[in-house]
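Engineer: build me a model from this:
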Amino acid sequence: MPYTAERPQPRPTPEELRAKIPGWGVDLDPKDRPAFPREQRGIPTGAHWDFPERQEETWPRERSVEHKFLTPVFGTSTPPKGVSGAIRKYAYKYSEGRAAHWLLLIAGDRVDAWENHLKSFATLRPDNPITETGVLSEFKNHGMSSRWGRKRADTKHQWMDPIIVAGPWLLVGTGVVLALKGITKAAGKSRR
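Structural biologist: Presented below is the predicted three-dimensional model:
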């Protein structure tokens, strides 16, 4: 019988399913469940609390629309800041079941990476995309030869890697060069 979306009529009873499918309904009886003793109330667990002590909020945390309140313990390593923080906060206006929530969080991560790249140019040691992306290792330690004839999965998308890694840097560099040309051209005209 081919699969269809409609339910079969008449529906098989649990006894028929148990006879036809080995292991069907093994956890119907609570006594057969592996976690059954832990499901009973009043068993001593050794915990000294009914609900864990709540961690202090040092800034307003993002809250999922699915949950009644913030979890008792949460991460504090990266507070939301800048444009990326605004994107991440906006993502929590959507349900976790919606693609918009996760796509906005991913976009926030990408924007955060670029915010940090740009911030690094204000330091004495700016980011170096050549050494930090591992491009130089491709030419040492058999980097290229290890990719061919080994049925590696990453060879299928290997042609995209330079575009994904170097593309944004080239676009930003081109934009800076064009901006500098425009500024010098405008400055030359104003001198005349």
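Engineer: low-confidence ranges in the protein?
Structural biologist: 1-5, 7-8, 34, 36-40, 143-144, 149-150, 192 (pLDDT under 70).
Engineer: which helices and strands does the longest helix seen in the chain pack with?
Structural biologist: Longest helix in the chain by number of residues (criterion: DSSP state H): helix 161-191. On a contact count with 3 or more C-beta pairs under 8 Å, 6 or more residues apart in numbering; DSSP states H and E, helix 161-191 meets helix 129-132. (Glycine included, C-beta is placed from N, CA and C.)
Engineer: apply 10 Å and report the result again.
Structural biologist: helix 99-120, helix 129-132 (3 or more C-beta pairs under 10 Å, 6 or more residues apart in numbering; DSSP states H and E).
Engineer: pick out the residue nearest the middle of the protein.
Structural biologist: Centrality entry for the chain: nearest residue to the mean C-alpha point is I106, 5.8 Å, by C-alpha atoms, centre = their mean.
Engineer: distance of that one from F74?
Structural biologist: Applying C-beta to C-beta, to the nearest Å, the value for I106 to F74 is 20 Å.
Engineer: same check on P60?
Structural biologist: Taken as C-beta to C-beta, the span from P60 to F74 is 12 Å.
Engineer: now do A153
Structural biologist: 35 Å.
Engineer: the two: which has the busier surroundings?
Structural biologist: Ranked by neighbour count (other C-beta atoms under 10 Å), A153 and F74 place F74 first, with 11 against 7.
Engineer: hang on, that one packs against E62?
Structural biologist: Yes: if you go by C-beta atoms under 10 Å, F74 and E62 touch, sitting 9.3 Å apart.
Engineer: so what would you say the end-to-end distance of stretch 10-25 is?
Structural biologist: End-to-end distance of stretch 10-25 (C-alpha to C-alpha, to the nearest Å): 19 Å.
Engineer: residues touching it, excluding its own?
Structural biologist: Defining contact as C-beta atoms under 10 Å, 6 or more residues apart in numbering, one finds that stretch 10-25 is touched by V26, L28, D32.
Engineer: need the residues you listed in CSV with neighbour count and distance to S120, can you?
Structural biologist: Output for the contacts of stretch 10-25, formatted as CSV (neighbours: other C-beta atoms under 10 Å; distance: C-beta to C-beta, whole Å):
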residue, neighbour count, distance to S120
V26, 10, 57
L28, 10, 59
D32, 10, 59
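Engineer: right, and L105 touches K93 too?
Structural biologist: No: with contact defined as C-beta under 10 Å, L105 does not reach K93; the gap is 11.9 Å.
Engineer: who has more neighbours, the two?
Structural biologist: L105 (18 against 12).
Engineer: in contact with that one, which residues?
Structural biologist: Taking C-beta under 10 Å, 6+ apart, one finds E62, S84, I87, R88, Y90, A91, Y92, Y94, E96 in contact with L105.
Engineer: please repeat the previous calculation with a cut-off of 7 Å.
Structural biologist: R88, A91 (C-beta atoms under 7 Å, 6 or more residues apart in numbering).
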